[in-house]
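Novice: pasted the sequence and its predicted model underneath.
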There are 2 protein chains.
Amino acid sequence: MSAIHLSSPEEYTRLIDQYDTWMFDCDGVLWHGDRLIPGAIEVLSLLREKSTYLQLFSIPIRRLNKIKQEKKVIFVTNNATKSRKSYKGKFDNLGVEASVDEIYGSAYAAAVYISSVMKLPKDKKVYVIGQSGLEEELRDEGVSFIGGTDPADCTIAPFSLETFTLDPDVGAVVCGLDTAINYTKLSKAFQYLTRNPGCQFIATNEDSTYPAAHGLLPGAGAISAPLRYALGKDPIAIGKPAKTMLDCIKAKVHFDPKRTIMVGDRLNTDILFGQAGGVSTLLVLSGITLASEISGPNPSPIVPDYVTSSIADLAVVGK
Amino acid sequence: MSAIHLSSPEEYTRLIDQYDTWMFDCDGVLWHGDRLIPGAIEVLSLLREKSTYLQLFSIPIRRLNKIKQEKKVIFVTNNATKSRKSYKGKFDNLGVEASVDEIYGSAYAAAVYISSVMKLPKDKKVYVIGQSGLEEELRDEGVSFIGGTDPADCTIAPFSLETFTLDPDVGAVVCGLDTAINYTKLSKAFQYLTRNPGCQFIATNEDSTYPAAHGLLPGAGAISAPLRYALGKDPIAIGKPAKTMLDCIKAKVHFDPKRTIMVGDRLNTDILFGQAGGVSTLLVLSGITLASEISGPNPSPIVPDYVTSSIADLAVVGK
């Protein structure tokens, strides 16, 4: 089956009517780095407004107050450099309405995984390759950690095992996008993963690239790749397309998969994630995926339900 | 067929008699980091002395001066942090006899590959992820380069595409072990490999780990892994087990594969390299490979001709 390429106002109207819960990837869908994708705010507002309006049609007036329910908007991001709180700051700065409860990031999901699924004992700790957002989420979940933004580990000075002391309490290495990646961090993480019995190797996400404001840069998957290669072992991946991220959302939000849609720009994370979760999927071509990957001579085996050039296309409904 | 485990003085004597050209891996065979493996010097001297002695038996006295020929000793290392010249310094410091001509390193082989096989035009240059040894070999081969040990690129300050200018003359990225690896180097290399048409991705070697003095650290393969992952593409690998390294040796040294043996500690580099080159192979257990990988319940599919615990075992012949 091939994807439905949306183009007419009727098609966009039908799409909006059909889904109550809208899960959005952010980078490449709502913005590129610090540049908002034109029309994104308008469409999000439209969805939030539309909800009440739609209910009016199908529900007898006397029951309206009881079951009046807004369309849910959820932001699902693999960006692990920011905590949900600091990600909320990004929404604010760009003028996009969002509450912290609507934001699901891979740093948050990794922290929840470590504390609630892996159940890392309280006297154990995590060695972090990652930025302050990941540290913040670990702290909020009560997970002790070392490494990360510690200036002692943020160095390109030579690393030597002679002056390194293995901390026997490190029970996991968690690895996210870290633009201060260096040989000291990789070497320490490698020691923990090879010398501490049972030490778990966790990646916030496996995105190969990261859409920055002016182009693509190596993503979180590239940061864990040295360990993956040196160990000959894949990490437990948390973010999209992994189910862990979905479990995290399900624990907090009730949604009907039949009336839920995942909107994203990346086939092997966003669209796979939606499909694995049994929800519908809309691919936008404003980010990583090229139109040729969907309709070219060698299309991707990952086929979204719908395709449109940008989230802005949905704004036609509000006009 | 399984490997022959050498143990008796007779077996070691036969081995030495059987081979004229001895190719040695260094790290894990002759030394660990800066610690010499006991007996290594003795065995290398024995081989060098033995040659003349052996010839005396088989050659009529009157022809002796004409065809008298020493046993060849060659050092084949994937260590790309050092040039052959600086590697010679390491031999000197550890008291191991060697001439620069006997040393074949992956930095040298990479430089030869770029200048002689790839034939990078003289007005083009290479972006280096690597250390001074790699730069030295490139310089000696007349290959222009940027990156590497340039202080501007040896930083963990944030990298931004806004302040980056793509150099259109970069025709290759060469990646070796670089203990000053950072996000700026990875991001620049990624830009060249994705934005400069035809830019080649070359790895000096693909060793997953590196045997330092006090244990294992991530190897050169782990340094190129982020690019490999972000690009979804493997580099052209130069060092063992790749044929490029052998081509480099063949261009300089004549040897009879039937009377040549490769001695190494790593199955997937040294032993594979020997086998690909059609020479015999001796695995020493003084480095990476464990005895259980050869004779355990799940042995490696890579089977050397001979196995011994350490190069020092051969010293028994000289006693």
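Specialist: Thanks, I have it.
Novice: do you know how far residue A:32 is from chain B?
Specialist: 11 Å (C-beta to the nearest C-beta, to the nearest Å). Where C-beta positions appear, they are placed from N, C-alpha and C, glycine not excepted.
Novice: now residue A:302: closest residue in space, sequence neighbours ignored.
Specialist: residue A:267 (4.2 Å; C-beta to C-beta, 6 or more residues apart in numbering or on different chains).
Novice: which residues does that neighbour contact?
Specialist: A:283, A:289, A:293, A:300, A:302, A:304 (C-beta atoms under 8 Å, 6 or more residues apart in numbering or on different chains).
Novice: which residues of chain A lie near chain B?
Specialist: Residues of chain A found near chain B (C-beta under 8 Å from any C-beta of the partner chain) are A:154-156, A:158-162, A:178-183, A:186-187, A:190-191, A:194, A:208-209, A:212-219, A:221-223, A:225-232.
Novice: lowest-confidence helix or strand of chain A?
Specialist: helix A:64-67 (a mean of 42; mean pLDDT, DSSP states H and E).
Novice: each with direction, which strands does the next helix or strand after that one pair with?
Specialist: The first helix or strand that comes after helix A:64-67 along the chain, using DSSP states H and E, is strand A:72-77. Sheet pairing of strand A:72-77 (DSSP bridges) gives strand A:21-24 (parallel), strand A:103-105 (parallel).
Novice: can you add mean pLDDT and mean neighbour count and give these back as JSON lines?
Specialist: Below are the strands paired with strand A:72-77 laid out as JSON lines (pLDDT from 0 to 100; neighbours: other C-beta atoms under 10 Å in any protein chain shown):
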{"stretch": "strand A:21-24", "mean pLDDT": "97", "mean neighbour count": "24"}
{"stretch": "strand A:103-105", "mean pLDDT": "96", "mean neighbour count": "26"}
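Novice: now render the ones you listed as JSON lines, adding distance to residue B:88.
Specialist: Output for the strands paired with strand A:72-77, formatted as JSON lines (distance: least, C-beta to C-beta, whole Å):
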{"stretch": "strand A:21-24", "distance to residue B:88": "60"}
{"stretch": "strand A:103-105", "distance to residue B:88": "52"}
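Novice: out of the ones you listed, nearest to residue A:74?
Specialist: Residue A:74 sits nearest to strand A:21-24 of all the strands paired with strand A:72-77, at 4.7 Å, using C-beta to C-beta.
Novice: next helix or strand past the closest one?
Specialist: From strand A:21-24, the next helix or strand downstream (DSSP H and E) is strand A:31-32.
Novice: contact partners of the helix or strand just after that next one?
Specialist: Per DSSP H and E, the first helix or strand lying C-terminal to strand A:31-32 is strand A:35-36. Applying C-beta under 8 Å, 6+ apart, the external contacts of strand A:35-36 come out as A:30, A:94, A:95, A:96, A:213.
Novice: how about the third one, nearest residue that isn't a chain neighbour?
Specialist: Right, residue A:95. residue A:41 (6.0 Å).
Novice: ditto for the last one
Specialist: Take residue A:213 and drop its neighbours on the chain: the residue closest to it by C-beta to C-beta, 6+ apart is residue A:33, 2.8 Å away.
Novice: next one: residue A:317 relative to residue A:8, how far apart?
Specialist: 11 Å (C-beta to C-beta, to the nearest Å).
Novice: looking at those two, which one has more neighbours?
Specialist: The residue with more neighbours, out of residue A:317 and residue A:8, is residue A:317; 19 against 9, by other C-beta atoms under 10 Å in any protein chain shown.
Novice: so that one touches residue A:16, yeah?
Specialist: Yes. Using C-beta atoms under 8 Å, residue A:317 is in contact with residue A:16, at 5.6 Å.
Novice: what residues are shared contacts of the two?
Specialist: Counting by C-beta under 8 Å, 6+ apart, the residues touching both residue A:317 and residue A:16 are A:46, A:50.
Novice: how about the helices in chain A?
Specialist: A:9-18, A:40-58, A:64-67, A:84-94, A:106-112, A:132-140, A:183-195, A:220-231, A:243-250, A:272-276, A:291-295 (DSSP state H).
Novice: ok, how many other residues are close to residue A:117?
Specialist: Using other C-beta under 10 Å: residue A:117 sits among 14 other residues.
Novice: skipping its backbone neighbours, what lies nearest it in space?
Specialist: residue A:244 (7.3 Å).
Novice: could you check how far the one you found is from chain B?
Specialist: For residue A:244, the distance to chain B - C-beta to the nearest C-beta - is 20 Å.
Novice: who touches that residue in this structure?
Specialist: By C-beta under 8 Å, 6+ apart, the contact set of residue A:244 is A:109, A:113, A:117, A:236, A:237, A:238.
Novice: recalculate using a threshold of 10 Å.
Specialist: Residues counted as contacts of residue A:244 (C-beta atoms under 10 Å, 6 or more residues apart in numbering or on different chains) are A:106, A:109, A:110, A:112, A:113, A:117, A:202, A:236, A:237, A:238.
Novice: ok, now residue A:108?
Specialist: Applying C-beta under 10 Å, 6+ apart, the residues near residue A:108 are A:77, A:80, A:82-85, A:87, A:100, A:133-134, A:136-138, A:140-141, A:204, A:238, A:245, A:248.
Novice: for residue A:171, same thing?
Specialist: Counting by C-beta under 10 Å, 6+ apart, residue A:171 has contacts A:114, A:118, A:120-121, A:123-127, A:144, A:192, A:196-200.
Novice: so what's the residue count around residue A:257?
Specialist: Neighbour tally, residue A:257, other C-beta under 10 Å: 13.
Novice: please apply the same query to residue A:73.
Specialist: 18.
Novice: just grab the bridge partners of it for me.
Specialist: Residues in beta-bridge contact with residue A:73 (DSSP bridges): residue A:22.
Novice: contact partners for the closest residue in space to residue A:19 that isn't next to it in sequence?
Specialist: In space, and not counting its chain neighbours, residue A:19 is closest to residue A:261: 4.3 Å by C-beta to C-beta, 6+ apart. The contact partners of residue A:261, by C-beta under 10 Å, 6+ apart, come to A:15-16, A:18-24, A:274, A:279-282, A:304-306.
Novice: remind me which residues of the stretch 1-150 of chain A are low pLDDT?
Specialist: A:51-70 (pLDDT under 70).
Novice: could you redo the last one with a cut-off of 50?
Specialist: A:53-56, A:60-68 (pLDDT under 50).
Novice: which single residue in it comes nearest to chain B?
Specialist: Nearest to chain B, among the residues of the stretch 1-150 of chain A, is residue A:33, at 9.0 Å (C-beta to the nearest C-beta).
Novice: wait, that residue sits on residue A:215?
Specialist: Yes. Between residue A:33 and residue A:215 there is a contact under C-beta atoms under 10 Å: 9.1 Å.
Novice: okay then, goodbye and thanks.
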